[in-house]
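Trainee: Quick one, fold the following:
(4 chains)
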2 protein chains.
Amino acid sequence: MSKSKRLLELMMTVNRKRKFTVKELAQEFGVSTRTMLRDLQELSELGVPLYSEVGPHGGYQVLKERILPPIAFTEEEAVAMFFAVHALRHYSSLPFESESVSALEKFYLHMSGDVRDRIDQMKNRVDFVTPTRQRESPHLPILLEAAVRQKVLLIEYESKGEGACRHIQPIGIYANNGLWFCPAYCFLRRQFRVFRCDRIHSAAYDEGGTAPLDLRHVHLGNKESCFRTEEGPSIRLYAELSRQGVQMCEAALWLGSHLHIREDGSGWLEGPVPGSDLAFYARFFVGLGNEATVKEPPELIDSMKRLFAELMAKYE
Amino acid sequence: MSKSKRLLELMMTVNRKRKFTVKELAQEFGVSTRTMLRDLQELSELGVPLYSEVGPHGGYQVLKERILPPIAFTEEEAVAMFFAVHALRHYSSLPFESESVSALEKFYLHMSGDVRDRIDQMKNRVDFVTPTRQRESPHLPILLEAAVRQKVLLIEYESKGEGACRHIQPIGIYANNGLWFCPAYCFLRRQFRVFRCDRIHSAAYDEGGTAPLDLRHVHLGNKESCFRTEEGPSIRLYAELSRQGVQMCEAALWLGSHLHIREDGSGWLEGPVPGSDLAFYARFFVGLGNEATVKEPPELIDSMKRLFAELMAKYE
DNA sequence: ACGTTCATGACAAAGATTGTCACTATTATC
DNA sequence: GATAATAGTGACAATCTTTGTCATGAACGT
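Mentor: The predicted structure is shown next:
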């Protein structure tokens, strides 16, 4: 094998094993230890952050920086990656230690000139917007780690304006619309609940010995099944929508599959909804004003009327 | 310079210049053409997709794939990049030809084992959610290109349920909450307008000769200044909010800086709003129900009362 | 027909690489 | 304190690679 190829393979090998001895690698590559030492030194000069310690149990180590071996990206791919990472700048809090910024700089600097030109041209013309929120979520890393390592946390949570301590076992974290959420098992309520991370005022591993549940199979992709159990009996909903009503409902994501659209742009809402949510739906349909006409269930219409009455009274 | 180093530099050089001749590079690197040929062949064997053509105006070319030279990323950076790109999967339409997916695969495959393990552990525990929309936006690439190249487009736009043709000059595109928007100058209205990309049914470069404006200085970062001109006279708004009202308003981003929060969790909305938007605000406050109490302006209260009356009539 | 360009082969000189050996230094462990 | 494991350095000759030069061919546009 030529030296150049050996060096490239070596680069990947040392990144795979984090720790190794000269002898070990020398045998693996079929060269003498002297040569391997020379190769390692050359790698070091090429920018791989190697660190060595002598003595028994010593050896070589790659420091936390790791070389990403040469990857063939198409221009489109590189550009897409750039903007994906660029979008992270909208988040005031991230579960990764805000190092994504430096990653982007490195990525950008290593791009060839014309890709860089292309990115520059597009920089202010494409964006993945996420609303920037004022409140920060400082505990994302520990929440994430607890989810990965199946640990119980003791958190201080602001709920309805009051603080309270709870034991929770996170199953993950996700960002939505600029806010971070943490679905978790709540040992207080004995239920799965979603917590807003910016309302978590403190978080620490529970030392009290609350036994963690085995939630390895529960993750963001299938958490819905755990939440579904709490729903009450469902009631059939039916409402007519004007064209503008359809557009307004399109923005409301939780309606999901209940929305049906006709050829002419108008549409209707139809489907089962949990009875416990009636108050919520009442408020929603009141907000739609004339663009929606609720036909069923009658309870919902009553609920809406009550709301009108209260509001009328308030503003008279 | 040693051969290994030369090869690495050569890798970057051929990526910078897309097209080059052997002689040219040989001179640049101070070696004979024979050596350069041998180097290029070796590069080819190492995976750089080189392609050559003989004859005058021939020469070497790098195919669209380009090698990203080795970059030193920290583990955190690599993970952050992964999840950033991973988040793009929520978009049913992208201005890049959906190649981001393959980029992610390559990236993932080239990671060293333990980073890959770390990603695997976190894969279902972290997410940047974007609501998936049913309607696609197939014209993103041409909108983006028109923005970059300062071209006028002729589009077919669905507005209030009806289709209509318009000449527009895009200043960029952005995704928000799963939908793509295109702020652009509209030659029909002689104003800057924001278009929803999934309502653009067709888009093509204008052949009619509408002269493009010089909008090079206008981009996503400063477009607000162009839109501001159309606002009507502004009216002072003031509304009291209960604790729950505050939380509901936090979700409404366009309120922005108008929202003020008290120690106890309740709060108030205060600030100038464009008079033309009164109908919109009326509907919004009706939707907040008892959690908000509008104090000013009286026009808004009137507007809300009218809305109540209409709705009462409808459901009686 | 000519010039440009890639492509390949041969070969000897120059240069880089390699293995071996001898030696030093550090440090954990017994 | 001895021992073994480990990195690190220097020297040197054998060997292998790399390099430049030259010759030759093939494709292709002008």
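
Trainee: going forward, measure contacts between C-alpha atoms and count neighbours the same way
Mentor: Noted.

Trainee: Report pLDDT for A:Ala146.
Mentor: pLDDT, A:Ala146: 93.

Trainee: Name the nearest residue to it, sequence neighbours excluded.
Mentor: Excluding the flanking residues, the one nearest A:Ala146 by C-alpha to C-alpha, 6 or more residues apart in numbering or on different chains is A:Pro170, at 6.3 Å.

Trainee: Over to the one you found: give its phi and psi.
Mentor: phi -60, psi 150 (degrees, to the nearest 10).

Trainee: same question, A:Val294
Mentor: Here is the backbone geometry of A:Val294 (degrees, to the nearest 10): phi -80, psi 130.

Trainee: show me the contacts for it.
Mentor: Contact analysis of A:Val294 by C-alpha atoms under 8 Å, 6 or more residues apart in numbering or on different chains lists A:238-240, A:285, A:300-301.

Trainee: Could you rerun that using 10 Å?
Mentor: Applying C-alpha atoms under 10 Å, 6 or more residues apart in numbering or on different chains, we find A:Val294 in contact with A:237-241, A:268-269, A:282, A:285-286, A:300-301, A:304, B:314-315.

Trainee: The residue nearest to A:Ala146 bridge partners, please.
Mentor: A:Ala184 (DSSP bridges).

Trainee: count of residues packed around it?
Mentor: By the criterion of other C-alpha atoms under 10 Å in any protein chain shown, A:Pro170 has 30 neighbours.

Trainee: can you pull the contacts of it?
Mentor: Counted by C-alpha under 10 Å, 6+ apart, A:Pro170 has contacts A:142-153, A:182-186, A:192-195, A:215, A:219, B:125.

Trainee: Quick check: it vs B:Leu241, distance?
Mentor: 32 Å (C-alpha to C-alpha, to the nearest Å).

Trainee: Pick out the least confidently modelled helix or strand of chain A, by mean pLDDT.
Mentor: One helix or strand of chain A scores below all others by mean pLDDT, DSSP states H and E: strand A:65-68, with a mean of 65.

Trainee: Of the contacts of A:Val294, keep whichever come out buried.
Mentor: Using 16 or more other C-alpha atoms under 10 Å in any protein chain shown as the burial test, the contacts of A:Val294 include A:237-241, A:268-269, A:282, A:285-286, A:300-301, A:304 as buried.

Trainee: near chain B, from those residues?
Mentor: The subset of those within reach of chain B, by C-alpha under 10 Å from any C-alpha of the partner chain, is A:282, A:285-286, A:301, A:304.

Trainee: Tell me which entries of these lie within helices.
Mentor: Taking DSSP state H, the ones among those that sit in helices are A:282, A:285-286, A:301, A:304.

Trainee: Run through the neighbouring helices and strands of the host helix or strand of A:Ala279.
Mentor: Take DSSP states H and E as the rule and A:Ala279 turns out to sit in helix A:278-288. The contact analysis (3 or more C-alpha pairs under 10 Å, 6 or more residues apart in numbering or on different chains; DSSP states H and E) places helix A:278-288 against strand A:234-241, helix A:243-251, strand A:292-296, helix A:298-315, helix B:278-288, helix B:298-315.

Trainee: what's near enough to touch A:Asn177?
Mentor: Neighbours of A:Asn177 in contact, by C-alpha under 10 Å, 6+ apart: A:129-133, B:128-131, B:176-178, B:251, B:253.

Trainee: Tell me how far it lies from A:Phe128.
Mentor: 11 Å.

Trainee: who touches both of those two?
Mentor: B:176-178.

Trainee: between those, which is closest to B:Leu94?
Mentor: Of all these, B:Leu94 sits closest to B:Gly178, with 10.7 Å by C-alpha to C-alpha.

Trainee: quick one: that closest one and B:Phe128 touch, right?
Mentor: No. Counting by C-alpha atoms under 10 Å, B:Gly178 does not reach B:Phe128; the two are 11.6 Å apart.

Trainee: Now list whatever residues contact both of those two.
Mentor: Counting by C-alpha under 10 Å, 6+ apart, the contacts common to B:Gly178 and B:Phe128 are A:177, B:90.

Trainee: quick one: the helix holding A:Ala279 to helix B:278-288, angle?
Mentor: 170 degrees (axes from the mean of the first three to the mean of the last three C-alpha atoms, to 10 degrees).

Trainee: What lies in contact with helix A:278-288?
Mentor: Here helix A:278-288 makes contact (C-alpha under 10 Å, 6+ apart) with A:235, A:237, A:239, A:241, A:244-246, A:248-249, A:252, A:273, A:275, A:291-294, A:297, A:299-308, B:282-290, B:307-308, B:311.

Trainee: So which residues on the stretch 51-200 of chain A come close to DNA strand C?
Mentor: A:54-57 (C-alpha under 7 Å from any atom of the strand).

Trainee: so which of the residues you listed also contact DNA strand D?
Mentor: A:54-57.

Trainee: which one of these is nearest A:Glu97?
Mentor: Closest approach between those and A:Glu97, by C-alpha to C-alpha: A:His57, at 31.3 Å.

Trainee: what about the closest residue to A:Met248 other than its chain neighbours, neighbour count?
Mentor: Nearest residue to A:Met248, sequence neighbours excluded (C-alpha to C-alpha, 6+ apart): A:Leu288, at 7.7 Å. When neighbours are counted by other C-alpha under 10 Å, A:Leu288 registers 20.

Trainee: Report the separation between A:Leu288 and DNA strand D.
Mentor: A:Leu288 is 66 Å from DNA strand D, where distance means C-alpha to the nearest atom of the strand, to the nearest Å.
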